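A.B. asks: Coordinates only, no sequence provided:
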């Protein structure tokens with residue numbers, strides 16, 4: 001699975017963008033090992049930033065879906081939100 005040609009930072013950034021920050025999917029798209037991508041990310045601030053940005057986007061999407069479920073009064077979503085974000089207001093599981 002090793003790629004003899006060096007993969008550019010931009011190729012890794014593009015693969016991370018397409019995969020939504022999924023390093024395994026990015027490595028498959030680039031035909032290299034996951035460890036190769038992780039090693040490059042550790043060494044390269046631009047790759048660290050790209051990965052963090054994609055993971056933040058995924059969190060934004062998940063929060064958006066959660067808010068839609070709360071607005072639909074889906075009790076599991078409401079309970080999850082209150083148990084994680086409502087602790088300061090006394091919403092905890094005992």
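C.D. replies: Noted; the coordinates are in hand. All values derive from a computational prediction rather than experimental measurement. Numbering: from 1, shown residues only.
A.B. asks: Every contact and neighbour count from this point should use C-alpha atoms.
C.D. replies: Fine.
A.B. asks: I'd like to know how far the residue nearest the centre of the chain sits from residue 16.
C.D. replies: Central residue of the chain (Cα atoms, centre = their mean): residue 55, 2.8 Å from the mean position. As judged by Cα to Cα, to the nearest Å, residue 55 and residue 16 stand 10 Å apart.
A.B. asks: hang on, the earlier thing: now do the SS call for the residue nearest to the centre of the chain.
C.D. replies: Three-state assignment for residue 55 (DSSP: H, G, I helix; E, B strand; the rest coil): helix.
A.B. asks: What's the separation between the nearest residue to it once chain neighbours are set aside and residue 42?
C.D. replies: By the measure of Cα to Cα, 6 or more residues apart in numbering, the closest residue to residue 55 outside its immediate chain neighbours is residue 21, 5.5 Å from it. With distances taken as Cα to Cα, residue 21 is found 15 Å from residue 42.
A.B. asks: Neighbour count for those two, which is higher?
C.D. replies: The residue with more neighbours, out of residue 21 and residue 42, is residue 21; 22 against 11, by other Cα atoms under 10 Å.
A.B. asks: what helix or strand is that one on?
C.D. replies: Following DSSP states H and E, there is no helix or strand that holds residue 21.
A.B. asks: okay, now residue 44: neighbour count?
C.D. replies: Neighbours of residue 44 using other Cα under 10 Å come to 12.
A.B. asks: er, residue 73 I mean
C.D. replies: The number of residues packed near residue 73 is 11, by other Cα under 10 Å.
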